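Enquirer: No sequence on hand, only this structure:
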């Protein structure tokens, strides 16, 4: 369902939904769950985030795609 939503948003068949996103929660999740699986066990990813980051207003799927 998530892939379909992203493809539709990419083709602009589905409008983007900008919502406040906590980047300090999103980045470690992407690094731990997505990138670590793609890169395998040979690459270690470390993230450092400054405390008190403001939320960003963006479409969650589009922001994840841009970060990847």
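Expert: Sure thing, it's come through. Not measured: the values here are computed from a predicted model.

Enquirer: just the helices in the chain please.
Expert: Counting by DSSP state H, the chain has helices at residues 2-10, 23-29, 36-39, 60-67.

Enquirer: how much space between residue 35 and residue 4?
Expert: From residue 35 over to residue 4 the distance is 22 Å, taken as CB to CB, to the nearest Å. Backbone N, C-alpha and C define where each C-beta goes, glycine included.

Enquirer: Which one of those two is surrounded by more residues?
Expert: Neighbour count, other CB atoms under 10 Å: between residue 35 and residue 4, residue 35 has more, with 14 against 9.

Enquirer: That one and residue 44 touch, don't they?
Expert: No: contact between residue 35 and residue 44 fails when scored by CB atoms under 8 Å: they sit 10.4 Å apart.

Enquirer: For this protein, name the helix or strand with the lowest mean pLDDT.
Expert: Here the helix or strand of the chain ranked lowest by mean pLDDT, DSSP states H and E is helix 2-10, holding a mean of 70.

Enquirer: Tell me which of the helices of the chain lies nearest to residue 53.
Expert: Of all these, it is helix 23-29 that lies closest to residue 53, at 5.0 Å by CB to CB.

Enquirer: what's the closest one in contact with?
Expert: Residues outside helix 23-29 that contact it (CB atoms under 8 Å, 6 or more residues apart in numbering): 47, 49, 53, 55, 56, 60, 63, 64, 67.

Enquirer: do that again at 7 Å, thanks
Expert: Outside helix 23-29, the residues that touch it by CB atoms under 7 Å, 6 or more residues apart in numbering are 47, 49, 53, 56.

Enquirer: can you redo those as CSV with neighbour count?
Expert: Output for the contacts of helix 23-29, formatted as CSV (neighbours: other CB atoms under 10 Å):
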residue, neighbour count
47, 12
49, 11
53, 12
56, 13
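
Enquirer: mind listing which of these are in strands?
Expert: residue 56 (DSSP state E).

Enquirer: Need the pLDDT of residue 20.
Expert: Here the pLDDT value assigned to residue 20 is 96.

Enquirer: just for the protein, where's the confidence low?
Expert: 2, 6, 9-14 (pLDDT under 70).
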